[in-house]
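Trainee: here is a sequence together with a model predicted from it:
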Amino acid sequence: MLLLAGLLAQEPTFRTTVPLVIAPTTVTDKKGDYVDGLTEKDFLLYDNRRPQQIRVDVHFVPISLVIAVQSSSLAAPALVRIRKIGSMIEPLVIGERGEAAVFAFDDRVRLIQGFTSDARALKQAFQAIQPGYSGSRMIDAVTASVRLLSKCPIQRRRVLLLIGETRDRSSEGKLEDAVTTAQLENVTVYPVTYSAFLTGFTAKPDATASQAGGMNLLAIFAEIARLATTNAAEALSKYTGGRHFSFLKQRSLEQAISRIGEELHSQYLLSFSPAVREEGAFHEIEVKIRDRTDVTVRTRPGYWLSN
């Protein structure tokens, strides 16, 4: 196991521009089934209400996945269940040509397994996660995970699966920095959460978790600051285009992993270079399907350009 104290101590480094924005997009019908068979001509993408020239990858794009698992002493009961899902990651989530890495976090953030496509190695990595100290450096774990994903080729899907409580307990970093870094690096975050005290275990995530709501930059950061003390997982999914799941029992955990895998393998990958680059601003993304009112479209709500 590698202690990443040095990595976490670094200040986030932001790019001056975003040459390519990736917008994984899910399209479902009225029954909630995934809609396939769409092509580039079916999509309309707007960046701050400006239409963009886009590319749509209709073939599956290989996934680079980081799984960050809370391993604090409070997480011991949940870890009994979590350790059993290691064998699900390769066949259901990363799939063909995919790769995954595993972090564990308590008062420390440790790399348990570097990127691998070996199902056996991933299963062993999950088995190796044991309860540790009382802290839960979720935000620091997200930052470390995003930095690791940033080294992957931009042509790959960059996904973070975060398994733990809904809130951070002892991180040095700030939630807004973690969210911004994930946005800049085109990382989608899927939190799968539980309550260490068996309260709110089955509470449903906010129904608006995947929508930015047209907020301006100040409103967005105010919202993130509010969620930092109550539900950091919600902010991470909401502002990166992921989905937030919760679990109580083994079955609901396994169902969450299956649903994440199904979504990742059913998405369209839209990409574009911003026609207008307003640095220091939040760019809102909206995706529509041409001449279709019978579908629901979900994508990342937007992205930031740093100064």
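Mentor: Yep, that arrived.
Trainee: what mean pLDDT does the helix or strand where residue 188 lies get?
Mentor: Taking DSSP states H and E as the criterion, residue 188 maps to strand 187-193. Average pLDDT, strand 187-193: 97.
Trainee: partner residues bridging the residue most central in space within the chain?
Mentor: With distances taken as CA atoms, centre = their mean, the residue of the chain nearest its centroid is residue 189 (0.7 Å). On the basis of DSSP bridges, residue 189 is bridged to residue 160.
Trainee: wait, it touches residue 235, no?
Mentor: No. Counting by CB atoms under 8 Å, residue 189 does not reach residue 235; the two are 9.2 Å apart. Every C-beta, even on glycine, is put in place using the N, C-alpha and C of the backbone.
Trainee: list the contacts for the nearest residue in space to residue 72 that is not next to it in sequence?
Mentor: Spatially, and ignoring its direct neighbours in sequence, residue 72 is nearest to residue 106 (4.0 Å; CB to CB, 6 or more residues apart in numbering). Residue 106 makes contact with 70-73, 75, 131-137, according to CB atoms under 8 Å, 6 or more residues apart in numbering.
Trainee: quick one: the helices in the protein?
Mentor: 5-9, 76-82, 86-88, 119-127, 138-150, 175-184, 217-228, 232-238, 250-264 (DSSP state H).
Trainee: between those, which gets the lowest average pLDDT?
Mentor: Among those, helix 5-9 carries the lowest mean pLDDT, at a mean of 40.
Trainee: the strand holding residue 188: how far from the chain's middle?
Mentor: Between the centre of strand 187-193 and the centre of its chain there are 4 Å (CA atoms, centre = their mean, to the nearest Å).
Trainee: what angle separates that strand from helix 138-150?
Mentor: 140 degrees (axes from the mean of the first three to the mean of the last three CA atoms, to 10 degrees).
Trainee: start the count at 528, not 1, going forward
Mentor: Renumbered: residue one is now 528, and that last one reads strand 714-720.
Trainee: correct me, but residue 824 touches residue 814?
Mentor: Yes. Counting by CB under 8 Å, residue 824 touches residue 814, with 5.1 Å between them.
Trainee: give me the distance between residue 785 and residue 791.
Mentor: From residue 785 across to residue 791, the span is 11 Å (CB to CB, to the nearest Å).
Trainee: the two: who's more crowded?
Mentor: Just comparing residue 785 and residue 791: by other CB atoms under 10 Å the higher neighbour count belongs to residue 791, 25 against 14.
Trainee: what residues are up against that one?
Mentor: Counted by CB under 8 Å, 6+ apart, residue 791 has contacts 551, 590, 620, 684, 686.
Trainee: correct me if wrong: the fourth one contacts residue 588.
Mentor: What that stands for is residue 684. Yes. With contact defined as CB under 8 Å, residue 684 counts as touching residue 588 (5.2 Å).
Trainee: quick one: common contacting residues for those two?
Mentor: Common contacts of residue 684 and residue 588 (CB under 8 Å, 6+ apart): residue 796.
Trainee: out of the two, which sits in the more crowded spot?
Mentor: Taking neighbours as other CB under 10 Å, residue 684 and residue 588 compare with residue 684 leading, 23 against 18.
Trainee: leaving out the residues flanking it, which one is nearest to the more buried one?
Mentor: residue 590 (4.4 Å).
Trainee: report pLDDT for the one you found.
Mentor: 96.
Trainee: ok, it - how many residues close by?
Mentor: 21.
Trainee: quick one: it and residue 686 touch, right?
Mentor: Yes. Under the criterion of CB under 8 Å, residue 590 makes contact with residue 686 at 5.8 Å.
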